[in-house]
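Trainee: Turn this into a model:
(one chain, ligands or ions: 2)
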Amino acid sequence: MNDASPTAAELLVAQPLTSRAFAPYGTLIAAPAGEGRPINGGNAQRFDLLDDLRLDAEGGRPMLALFRAQARRFPHEVSEMERHALGSQTFVPLGDKRFVIVVARAGDAPTSARQLAAFVTDGRQGVVLAPGTWHHALLAVDAGDFAVIERAGSGVDCDVCLLREPGSVRL
Ligand SMILES: NC(=O)N[C@@H](O)C(=O)O
Ligand code: NI
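Mentor: Ligands and ions are numbered 1, 2, ... in the order given. Purely as a prediction, here's the structure:
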């Protein structure tokens, strides 16, 4: 008889998103401090943020999508993760909209929620998920629109894994 007590389901606590903590999974997007480069006769400032979005592998093309997300209820179940092996996926809130991002490093599929990390944005931050980073589908804290930039190609670039040991994530 197996006398090992069943392990309690992992409850992930979403940590404030920082560049350093998110580095294994991708890139944090935030408006830089200070002034941008004056453009348009000084009527605007330009901030060049990223020029390495990985979107063209195997004939891929950049896709700009709009996700009109409903607010999720937290704690939220985490039992299914996905990855886009051929391209990055970028999420940028339109307006002050927080979201939770649950991730695992690219590579072998995670099997347990214990292998995951969870972050919550400050409402203005966005993220670029590096190609192959395992992640939960968008978990909006605040309902609203998100600009999403990803690779569009001939096939569907989305591998899904079901966690043998699921968990949940809370704010
Ligand atoms: N399904 C879809 O387009 N969205 C996911 O890739 C996601 O990460 O939210
Ligand atoms: Ni995705």
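Trainee: Distance check, the nearest residue to residue 13 once chain neighbours are set aside against residue 147.
Mentor: Leaving aside its chain neighbours, residue 13 sits nearest to residue 170 (5.9 Å; criterion: CB to CB, 6 or more residues apart in numbering). Every residue, glycine included, has its C-beta placed from N, CA and C. Taking CB to CB, to the nearest Å as the measure, residue 170 falls 26 Å from residue 147.
Trainee: One more: residue 84?
Mentor: For residue 84 relative to residue 147 (CB to CB), the value is 16 Å.
Trainee: got it, and residue 155?
Mentor: The value you get for residue 155 to residue 147, if CB to CB is used, is 24 Å.
Trainee: now the chain, which segments are flagged as low pLDDT?
Mentor: 1-7 (pLDDT under 70).
Trainee: what does it have sitting close to ligand 1?
Mentor: Counting by CB under 6 Å from any ligand atom, the chain comes close to ligand 1 at 89, 135, 137-138.
Trainee: Show me which of those residues are buried.
Mentor: Among these, the ones that count as buried by 16 or more other CB atoms under 10 Å are 89, 135.
Trainee: Which of the residues of the chain next to ligand 1 fall in strands?
Mentor: 89, 135 (DSSP state E).
Trainee: Adding distance to residue 98, write the residues of the chain next to ligand 1 out as JSON lines.
Mentor: Listed next are the residues of the chain next to ligand 1 as JSON lines, based on distance: CB to CB, whole Å:
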{"residue": "89", "distance to residue 98": "18"}
{"residue": "135", "distance to residue 98": "16"}
{"residue": "137", "distance to residue 98": "16"}
{"residue": "138", "distance to residue 98": "12"}
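Trainee: okay, now the residue nearest to residue 13: neighbour count?
Mentor: A count of nearby residues for residue 170, using other CB atoms under 10 Å, gives 13.
Trainee: same deal with residue 34?
Mentor: 7.
Trainee: what does residue 133 give?
Mentor: Number of residues near residue 133 (other CB under 10 Å) recorded here: 25.
Trainee: give the contact list for it.
Mentor: 25-26, 83, 103-106 (CB atoms under 8 Å, 6 or more residues apart in numbering).
Trainee: hmm, try it at 10 Å
Mentor: Contacts for residue 133 (CB atoms under 10 Å, 6 or more residues apart in numbering) come out as 22, 24-26, 81-85, 88-89, 101, 103-107, 127.
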